[in-house]
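# For reference, the sequence and a predicted model appear below.
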Amino acid sequence: DGGITQSPKYLFRKEGQNVTLSCEQNLNHDAMYWYRQDPGQGLRLIYYSQIVNDFQKGDIAEGYSVSREKKESFPLTVTSAQKNPTAFYLCASSIGIGELFFGEGSRLTVL
Amino acid sequence: QKEVEQNSGPLSVPEGAIASLNCTYSDRGSQSFFWYRQYSGKSPELIMSIYSNGDKEDGRFTAQLNKASQYVSLLIRDSQPSDSATYLCAVKWRDSSYKLIFGSGTRLLVRP
(Lines give C-alpha, C1' and ligand atoms only; values in the text may rest on other atoms or scores of the structure.)
Protein backbone atom coordinates (compact mmCIF):
# COMPACT_ATOMS: atom_id res chain seq x y z
CA ASP A 1 0.00 0.00 0.00
CA GLY A 2 1.21 3.49 -0.80
CA GLY A 3 1.63 5.92 2.01
CA ILE A 4 3.84 7.96 4.26
CA THR A 5 5.75 6.39 7.11
CA GLN A 6 7.00 8.46 10.01
CA SER A 7 9.24 7.17 12.76
CA PRO A 8 9.46 7.07 15.64
CA LYS A 9 5.88 7.67 16.77
CA TYR A 10 7.01 8.78 20.20
CA LEU A 11 10.35 10.30 21.08
CA PHE A 12 11.80 11.73 24.26
CA ARG A 13 14.68 14.15 24.16
CA LYS A 14 16.88 15.59 26.80
CA GLU A 15 17.65 19.27 26.63
CA GLY A 16 20.67 19.97 24.46
CA GLN A 17 20.21 16.90 22.25
CA ASN A 18 19.56 16.84 18.54
CA VAL A 19 16.98 14.35 17.30
CA THR A 20 16.04 13.27 13.80
CA LEU A 21 12.54 12.35 12.69
CA SER A 22 12.23 10.07 9.71
CA CYS A 23 9.71 10.48 6.88
CA GLU A 24 9.50 8.11 3.93
CA GLN A 25 6.87 8.05 1.17
CA ASN A 26 6.18 5.63 -1.66
CA LEU A 27 3.50 7.71 -3.35
CA ASN A 28 5.94 9.08 -5.95
CA HIS A 29 5.07 12.62 -4.88
CA ASP A 30 7.50 15.40 -5.68
CA ALA A 31 6.57 17.75 -2.83
CA MET A 32 7.11 16.98 0.83
CA TYR A 33 6.44 19.02 3.96
CA TRP A 34 7.05 19.15 7.69
CA TYR A 35 4.44 20.70 9.95
CA ARG A 36 4.34 21.24 13.67
CA GLN A 37 1.13 21.13 15.69
CA ASP A 38 0.77 22.36 19.25
CA PRO A 39 -2.29 21.55 21.40
CA GLY A 40 -5.40 23.41 20.26
CA GLN A 41 -3.59 24.99 17.35
CA GLY A 42 -3.46 24.55 13.63
CA LEU A 43 -0.51 23.30 11.63
CA ARG A 44 2.52 25.51 11.15
CA LEU A 45 4.93 24.89 8.30
CA ILE A 46 8.55 24.18 9.22
CA TYR A 47 10.13 23.26 5.87
CA TYR A 48 8.99 22.12 2.48
CA SER A 49 10.66 20.61 -0.57
CA GLN A 50 9.37 20.61 -4.11
CA ILE A 51 12.15 18.53 -5.67
CA VAL A 52 15.18 16.50 -4.66
CA ASN A 53 18.14 18.51 -3.34
CA ASP A 54 16.01 21.62 -2.86
CA PHE A 55 14.00 22.82 0.14
CA GLN A 56 12.61 26.08 1.52
CA LYS A 57 12.03 27.41 4.99
CA GLY A 58 8.52 27.67 6.21
CA ASP A 59 7.16 29.98 8.89
CA ILE A 60 8.95 28.44 11.88
CA ALA A 61 12.24 26.99 10.52
CA GLU A 62 14.50 28.28 13.30
CA GLY A 63 16.02 25.40 15.26
CA TYR A 64 15.20 22.81 12.59
CA SER A 65 17.07 21.38 9.61
CA VAL A 66 16.13 19.07 6.75
CA SER A 67 17.64 17.26 3.78
CA ARG A 68 16.16 15.90 0.59
CA GLU A 69 18.70 13.56 -0.97
CA LYS A 70 16.10 11.13 -2.30
CA LYS A 71 12.60 11.70 -3.62
CA GLU A 72 11.19 9.26 -1.07
CA SER A 73 12.84 10.67 2.03
CA PHE A 74 12.61 13.99 3.90
CA PRO A 75 14.09 13.71 7.42
CA LEU A 76 13.74 16.51 9.95
CA THR A 77 16.35 17.24 12.60
CA VAL A 78 15.22 19.10 15.70
CA THR A 79 18.35 20.79 17.00
CA SER A 80 19.22 22.01 20.47
CA ALA A 81 18.63 25.54 19.17
CA GLN A 82 14.89 24.86 19.09
CA LYS A 83 13.83 26.22 22.46
CA ASN A 84 10.38 24.66 22.72
CA PRO A 85 10.45 21.44 20.69
CA THR A 86 7.70 19.52 22.49
CA ALA A 87 5.00 19.11 19.83
CA PHE A 88 3.31 16.78 17.36
CA TYR A 89 5.31 16.68 14.10
CA LEU A 90 3.59 15.82 10.86
CA CYS A 91 5.18 14.92 7.56
CA ALA A 92 3.14 15.24 4.39
CA SER A 93 3.50 14.89 0.65
CA SER A 94 1.45 16.11 -2.28
CA ILE A 95 1.12 15.70 -6.00
CA GLY A 96 -0.93 18.86 -6.30
CA ILE A 97 -1.16 22.10 -4.46
CA GLY A 98 -2.99 21.81 -1.17
CA GLU A 99 -3.98 18.17 -1.33
CA LEU A 100 -1.71 16.82 1.35
CA PHE A 101 -1.31 13.23 2.46
CA PHE A 102 -0.05 13.00 6.02
CA GLY A 103 1.95 10.41 7.89
CA GLU A 104 0.80 9.27 11.32
CA GLY A 105 2.94 11.82 13.08
CA SER A 106 5.76 11.82 15.60
CA ARG A 107 5.18 13.09 19.12
CA LEU A 108 8.30 14.64 20.61
CA THR A 109 8.62 15.37 24.31
CA VAL A 110 11.52 17.18 25.94
CA LEU A 111 12.40 15.88 29.36
CA GLN B 1 -0.66 39.12 8.32
CA LYS B 2 -1.93 35.97 6.71
CA GLU B 3 -4.84 34.65 8.72
CA VAL B 4 -7.31 31.85 8.57
CA GLU B 5 -9.88 32.07 11.34
CA GLN B 6 -12.10 29.35 12.74
CA ASN B 7 -14.28 29.15 15.83
CA SER B 8 -12.57 26.65 18.10
CA GLY B 9 -15.86 25.20 19.38
CA PRO B 10 -16.81 22.70 20.44
CA LEU B 11 -19.77 22.71 18.12
CA SER B 12 -22.24 20.23 19.53
CA VAL B 13 -25.03 18.81 17.34
CA PRO B 14 -27.40 15.86 17.78
CA GLU B 15 -27.03 12.80 15.60
CA GLY B 16 -28.81 13.28 12.28
CA ALA B 17 -28.56 17.07 12.33
CA ILE B 18 -26.64 19.33 9.94
CA ALA B 19 -23.32 20.57 11.26
CA SER B 20 -22.12 23.88 9.84
CA LEU B 21 -18.45 24.79 10.14
CA ASN B 22 -17.17 28.18 9.08
CA CYS B 23 -13.82 29.65 8.11
CA THR B 24 -12.76 33.18 7.12
CA TYR B 25 -9.49 34.20 5.50
CA SER B 26 -7.67 37.47 5.05
CA ASP B 27 -6.16 37.17 1.54
CA ARG B 28 -8.72 38.31 -1.01
CA GLY B 29 -6.67 36.79 -3.83
CA SER B 30 -6.65 33.22 -2.49
CA GLN B 31 -7.86 30.65 -5.01
CA SER B 32 -7.68 27.24 -3.32
CA PHE B 33 -9.43 26.06 -0.16
CA PHE B 34 -9.37 22.78 1.68
CA TRP B 35 -11.07 21.05 4.59
CA TYR B 36 -9.19 18.46 6.62
CA ARG B 37 -10.60 16.22 9.34
CA GLN B 38 -8.43 15.30 12.32
CA TYR B 39 -9.45 12.73 14.90
CA SER B 40 -7.98 13.16 18.37
CA GLY B 41 -4.35 12.07 18.44
CA LYS B 42 -4.31 11.30 14.72
CA SER B 43 -3.05 13.08 11.61
CA PRO B 44 -5.30 15.20 9.36
CA GLU B 45 -6.96 13.76 6.27
CA LEU B 46 -8.28 15.71 3.32
CA ILE B 47 -12.05 15.55 2.94
CA MET B 48 -12.91 18.42 0.56
CA SER B 49 -11.30 20.92 -1.77
CA ILE B 50 -13.01 23.86 -3.45
CA TYR B 51 -11.73 26.39 -5.93
CA SER B 52 -14.78 28.20 -7.36
CA ASN B 53 -17.55 30.23 -5.80
CA GLY B 54 -20.62 28.21 -4.91
CA ASP B 55 -21.24 24.75 -3.53
CA LYS B 56 -19.41 21.48 -4.00
CA GLU B 57 -21.02 18.31 -2.76
CA ASP B 58 -19.41 14.97 -1.93
CA GLY B 59 -21.68 12.50 -0.18
CA ARG B 60 -22.81 13.99 3.13
CA PHE B 61 -20.30 16.83 2.85
CA THR B 62 -20.87 20.16 1.10
CA ALA B 63 -18.22 22.85 0.85
CA GLN B 64 -19.38 26.40 0.19
CA LEU B 65 -17.14 29.22 -1.02
CA ASN B 66 -17.85 32.94 -1.14
CA LYS B 67 -14.74 34.78 -2.30
CA ALA B 68 -16.37 38.22 -2.12
CA SER B 69 -17.05 37.73 1.58
CA GLN B 70 -13.86 35.73 2.10
CA TYR B 71 -15.39 32.76 3.79
CA VAL B 72 -15.59 29.07 3.19
CA SER B 73 -17.84 26.67 5.03
CA LEU B 74 -18.36 22.94 5.41
CA LEU B 75 -21.78 21.40 5.92
CA ILE B 76 -22.12 17.86 7.19
CA ARG B 77 -25.59 16.42 6.67
CA ASP B 78 -27.01 13.57 8.73
CA SER B 79 -24.18 13.96 11.25
CA GLN B 80 -22.94 10.77 12.86
CA PRO B 81 -20.99 10.26 16.10
CA SER B 82 -18.09 9.12 13.90
CA ASP B 83 -17.97 12.66 12.49
CA SER B 84 -16.82 13.91 15.91
CA ALA B 85 -13.39 15.37 15.18
CA THR B 86 -11.57 18.64 14.65
CA TYR B 87 -12.05 20.17 11.22
CA LEU B 88 -9.18 22.25 9.86
CA CYS B 89 -9.65 24.85 7.15
CA ALA B 90 -6.63 25.45 4.91
CA VAL B 91 -6.04 28.16 2.33
CA LYS B 92 -3.41 28.47 -0.36
CA TRP B 93 -2.28 32.06 -0.40
CA ARG B 94 -2.06 33.82 -3.74
CA ASP B 95 1.66 34.52 -3.41
CA SER B 96 2.76 31.03 -2.41
CA SER B 97 3.36 28.13 -4.70
CA TYR B 98 3.10 25.21 -2.29
CA LYS B 99 2.37 26.65 1.12
CA LEU B 100 -0.94 26.28 2.91
CA ILE B 101 -2.11 28.38 5.84
CA PHE B 102 -4.16 26.37 8.34
CA GLY B 103 -6.76 27.59 10.76
CA SER B 104 -6.67 26.33 14.32
CA GLY B 105 -9.67 24.09 13.70
CA THR B 106 -13.22 23.66 14.95
CA ARG B 107 -13.97 20.74 17.23
CA LEU B 108 -17.23 19.02 16.32
CA LEU B 109 -19.11 16.81 18.77
CA VAL B 110 -22.03 14.76 17.49
CA ARG B 111 -24.25 13.55 20.35
CA PRO B 112 -25.91 10.11 19.91
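Yep, it's here.

# now B:P10: how far from B:L109?
Shown here: B:P10 relative to B:L109, a distance of 5 Å by C-beta to C-beta, to the nearest Å. To be clear about C-beta, it is placed using only N, CA and C from the backbone, and glycine gets the same treatment.

# three-state assignment of the residue nearest in space to the middle of chain A?
By C-alpha atoms, centre = their mean, chain A has its centre lying nearest to A:W34, at 3.2 Å. For A:W34, the secondary structure call by DSSP: H, G, I helix; E, B strand; the rest coil comes out as strand.

# Surely it touches A:S67?
No: using C-beta atoms under 8 Å as the test, A:W34 is too far from A:S67 to be in contact (11.5 Å).

# Need the overlap of contacts for the two.
Both A:W34 and A:S67 are in contact with A:F74, where contact means C-beta atoms under 8 Å, 6 or more residues apart in numbering or on different chains.

# one step back: quick one: which of B:P10 and B:L109 has more around it?
Neighbours were counted for B:P10 and for B:L109 using other C-beta atoms under 10 Å in any protein chain shown; B:L109 has more, 15 against 12.

# in the sheet, who's paired with the more buried one?
B:S12 (DSSP bridges).

# what's the distance between it and A:A92?
Using C-beta to C-beta, B:L109 is found at 26 Å from A:A92.

# And A:K71, how far from A:Y35?
Separation of A:K71 from A:Y35 (C-beta to C-beta): 20 Å.

# Those two: which has the busier surroundings?
More neighbours surround A:Y35 than the other of A:K71 and A:Y35, with 27 against 16 (other C-beta under 10 Å).

# Would you confirm that the more buried one contacts A:Q41?
No: counting by C-beta under 8 Å, A:Y35 stays clear of A:Q41, with 10.8 Å between them.

# what's near enough to touch the closest residue in space to A:G42 that isn't next to it in sequence?
The shortest distance from A:G42 to any non-neighbouring residue, by C-beta to C-beta, 6 or more residues apart in numbering or on different chains, is to B:F102 (3.7 Å). By C-beta under 8 Å, 6+ apart, the contact list for B:F102 reads A:Y35, A:G42, A:L43, A:R44, B:V4, B:Y36, B:L88, B:C89, B:A90.

# Ok, A:R36 next?
Counting by C-beta under 8 Å, 6+ apart, A:R36 makes contact with A:L43, A:R44, A:I46, A:I60, A:A87, A:F88, A:Y89, A:L90.

# How far off centre is the lowest-mean-pLDDT helix or strand in chain B?
Scoring the helices and strands of chain B by mean pLDDT, DSSP states H and E places strand B:100-102 at the bottom, with a mean of 89. Strand B:100-102 sits 12 Å away from the centroid of its parent chain (C-alpha atoms, centre = their mean, to the nearest Å).

# Same question for stretch B:31-44.
So, by C-alpha atoms, centre = their mean, the centroid of stretch B:31-44 is 8 Å from its chain's centroid.

# which among the contacts of A:R36 gets closest to B:G54?
The nearest member of these to B:G54, counting by C-beta to C-beta, is A:L43 at 26.9 Å.

# What about the closest one, how many residues nearby?
Count around A:L43 with other C-beta under 10 Å applied: 28.

# same question, the one 3 residues further on
The burial metric for A:I46, expressed as a neighbour count using other C-beta under 10 Å, is 26.

# do the same with B:S69
9.

# What of B:M48?
B:M48 has 19 nearby residues by other C-beta under 10 Å.

# How about B:Y71?
16.

# Which residue, neighbours along the chain excluded, lies closest to B:F33?
B:V72 (4.6 Å).

# Cheers, nothing more for now.
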